[in-house]
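# Prediction below, plus the sequence it came from.
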Amino acid sequence: MPFSANCPTCGAPVVFKSSASFHGVCEFCRSTLVRHGGDLENLGRMADLVEDTSPIRLGTEGRYQGVHFAVVGRIQLRYAAGVWNEWHLLFDNQRSGWLSDANGEYLLSFLTPPGAALPEFAALMPNDELMLAGSEFVVTNIEEAMCVSGEGELPFAFGAGYPAPLVDLRGTDESKAAFASIDYSESPPLVFIGQSLPFATFNFANLRDDAAESQAAGEVRALACPACGGAITLHDKAVQSVACPSCLSVLDAGNESLSILARAAAATRIKPLVALGSRGHFAGKEWTVIGFQQRVITALGIEYPWQEYLLHHPSEGFRWLVESSGHWNWVSPVANPPRYHLGEPGASYGGVEYRRFSAGKAVTRYVIGEFTWKVKLGETWETLDFTAPPKSLSRESNRNETSWSVGEYLPSDEVAAAFALKAKLPEPMGIGMAQPNPRRESTQGVFNNFLLFLVLAVFAQIAWLFIFGGSTLLDQRMVFTAQNQESLSTQEFQLESGARNIVLRHDTNLDNNWLGLGLTLVEKISGRAWAAQSEIAYWHGVDGGESWSEGDRSHELVFRDLPAGNYYFVIDPEISAEKPVAVVDRIQVTRDQATWSNFFFLLAFLAAIPLFNRYRVNAFEQERWKEADYLSSGEEFGSDDDDGDDD
């Protein structure tokens with residue numbers, strides 16, 4: 001039941017809609033009130049709220065999983081990058097929850113028992129893994145936040161200026177977009193678990209009067225740099241800082257005054273390949289370049305710079321266009337961290353397996369334009385890159401925060417066409433981390449052609465063996481004895497047309513013996529002759545209990561390109577004197593018999609094509625991995641797998 005009483009300071013009515021709410025702020029005099037039965041006690045005046053662009057307010061209503069809720073309270077917290085709100089929700093079933101809105105992301109969570117003991121706040125680092133309420137989470141952000149103000153009714157005591165050590169975590173299950181937060185301002189710490197949801201999911205009603213304007217975030221504000229008077233533009237209310245393109249001063253974009261965060265240091269000016277303010281079309285949407293920074297990693301005394309362009313779309317938010325040595329990548333932030341464990345050679349995200357490519361310390365060296373955080377020269381992030389061409393996966397970490405992003409390779413001509421650039425972009429140098437292997441694209445086609453020709457070759461060989469070739473011209477049994485080693489002639493056989501080849505085959509009954517044969521093929525009419533020698537031997541036995549054999553009882557000879565005619569063989573046998581036993585020889589003559597040697601030569605030729613293609617594919621990959629500090633085989637040879645705990 002709602003509870004209502006008058007403010008002890010100004011007498012205005014104060015209504016508590018939830019029976020679980022014991023603290024509130026009078027909306028008229030800003031007094032902090034606590035319930036004691038039917039009375040209200042004044043704990044002092046609450047500080048004024050910091051003006052923000054949130055479309056939500058007290059009294060905003062919405063739905064979650066079919067249950068109606070209303071916004072009944074808010075606390076406002078400040079951290080290094082700005083201010084965010086935690087809205088207290090009261091559901092119709094009397095359940096309470098919290099809705100966080102920061103940088104356009106909406107996180108709904110509920111107080112949940114952690115299910116296990118929690119580590120100390122000081123012991124946690126970004127990328128640490130925790131089990132909360134039976135689910136796996138990864139630490140993504142650690143903040144020493146400060147409560148600056150509040151309003152409405154809340155389930156706990158609070159006041160301006162109280163510290164709020166907070167740890168944000170993301171679930172490792174990509175499909176759930178799970179989120180968790182640990183509030184170390186209480187003892188024991190409070191755990192809130194929920195998920196990240198799109199704004200439209202809640203079906204909000206009774207938003208701020210200027211909510212439409214806040215959500216559109218499409219108008220451009222034109223301001224003047226307080227350091228040099230140069231023109232400054234702000235494209236979105238989520239922009240936290242802006243670097244003046246004229247004097248390079250870094251300015252705080254939190255209010256209209258554009259206070260100076262850092263004076264420009266002496267620096268060589270860098271002209272972006274795509275100018276600030278340029279508009280490009282990607283995936284059917286128009287994006288505007290609002291920020292540019294150059295970052296560099298130094299390895300073995302050599303600097304490896306790359307350029308990042310921050311792109312903005314009024315409804316889609318922010319993306320990055322990253323250029324390195326002429327190679328371009330379209331980069332999007334990742335809400336939930338991929339599956340990766342310290343020291344592993346790969347990571348998994350979106351059903352894609354990525355292999356670790358490199359790691360290092362990225363230092364910001366040059367900035368101009370707008371940024372969604374308080375950018376500064378010299379800021380350092382630990383980077384870890386993975387690749388699965390044409391995609392890439394990157395992690396950036398420092399002592400307080402970690403973030404993931406996924407990239408997709410873009411050919412430079414696509415970038416030039418998207419922005420309608422008149423000047424030609426520089427040609428890519430070397431091979432990019434996520435550059436697709438163009439030779440791999442032809443691999444499947446080459447392999448398919450290999451299979452096709454292999455099937456045709458096998459079919460042709462079978463057809464030749466059983467249909468078109470191998471007709472028998474002679475099949476005769478002859479006996480050679482030691483007593484009669486004179487020349488013997490076979491029966492005649494006829495070639496009605498020229499033969500590509502004839503095969504003479506001997507099948508003998510040799511047993512631990514040998515037989516020498518002098519052979520002459522004679523064409524009866526012309527008298528032409530073709531001579532050949534053949535020796536057949538077969539030995540076998542048992543040695544040490546193991547059987548062995550050597551040689552063969554059969555033998556073949558091939559005579560090629562014979563003209564039509566009547567033929568016979570003259571055979572001069574020679575039998576071993578050590579074993580002068582008779583040898584039975586079955587002689588067969590076959591014309592145009594398919595020979596397996598040609599078939600195997602053809603197979604070798606066909607196989608050489610995909611093998612050569614594979615060699616070219618591997619050569620491309622070897623060239624790519626020369627730029628890595630982590631081998632494609634998984635063996636590390638350059639970098640440390642840092643978890644972002646360096647200052």
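Okay, I see it.

# And the average pLDDT for whichever strand or helix holds W84 is what?
W84 is part of strand 82-91 when elements are defined by DSSP states H and E. Averaged over strand 82-91, pLDDT sits at 88.

# do stretch 325-334 as well
pLDDT averaged over stretch 325-334 gives 95.

# The stretch 101-250 of the chain: helices as residue ranges?
211-216 (DSSP state H, counting those that start in this stretch).

# who's the closest residue to S487 other than its chain neighbours bridged to?
Nearest residue to S487, sequence neighbours excluded (CB to CB, 6 or more residues apart in numbering): D572, at 5.0 Å. In short, each C-beta sits where N, CA and C put it, glycine included. Bridge pairing for D572 (DSSP bridges) gives the partners G518.

# in the stretch 51-200 of the chain, which ranges drop under the pLDDT threshold?
Low-confidence segments of the stretch 51-200 of the chain (pLDDT under 70): 51, 53, 81, 103-104, 157-160.

# so who does A537 touch?
L510, N513, W514, L515, E550, G551 (CB atoms under 8 Å, 6 or more residues apart in numbering).

# now the strand holding W84, how far from the centre of its chain.
Chain-centre distance of strand 82-91: 35 Å, with CA atoms, centre = their mean, to the nearest Å.

# okay, among the contacts of A537, which ones form the most distant pair?
L515 and E550 (15.0 Å; CB to CB).

# between the two, who's got more neighbours?
Neighbours per residue (other CB atoms under 10 Å) separate L515 from E550, with L515 holding more: 21 against 10.

# list the contacts for the more buried one?
So L515 contacts F480, T508, E535, I536, A537, P573, E574, I575, S576, V583, D585 (CB under 8 Å, 6+ apart).

# Just the buried residues of the host helix or strand of the third one, please?
Element membership for E535, per DSSP H and E: strand 529-543. Judged by neighbour count (16 or more other CB atoms under 10 Å), strand 529-543 contains these buried residues: I536, A537, Y538.

# hang on, the earlier thing: dump the residue contacts of the residue nearest to S487.
Q485, S487, L517, G518, L519.

# Could I get the pLDDT score of the first one?
It stands for Q485. pLDDT at Q485 comes out at 75.

# Just give me the neighbour total for it.
By the measure other CB under 10 Å, the count of residues near Q485 is 14.

# Once you drop chain neighbours, what's closest to N329?
Using CB to CB, 6+ apart, the closest residue to N329 is G407 (4.0 Å).

# Counting neighbours, what do you get for the one you found?
23.

# was I right about it contacting H327?
No: G407 lies out of contact with H327 (CB atoms under 8 Å); the separation is 10.6 Å.

# Isn't A205 up against G59?
No: counting by CB under 8 Å, G59 is not a contact partner of A205; they are 9.5 Å apart.

# residues shared between the contacts of those two?
Joint contacts of A205 and G59 (CB under 8 Å, 6+ apart) do not exist.

# ok, back up a step: okay if I get the buried residues of strand 529-543 as JSON lines plus distance to Q307?
Formatted as JSON lines, these follow (distance: CB to CB, whole Å):
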{"residue": "I536", "distance to Q307": "78"}
{"residue": "A537", "distance to Q307": "77"}
{"residue": "Y538", "distance to Q307": "77"}
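
# What about the closest residue to S100 other than its chain neighbours, how many residues nearby?
Nearest non-adjacent residue to S100, counting by CB to CB, 6+ apart: L107, 4.3 Å away. L107 has 23 neighbours, counted by other CB under 10 Å.
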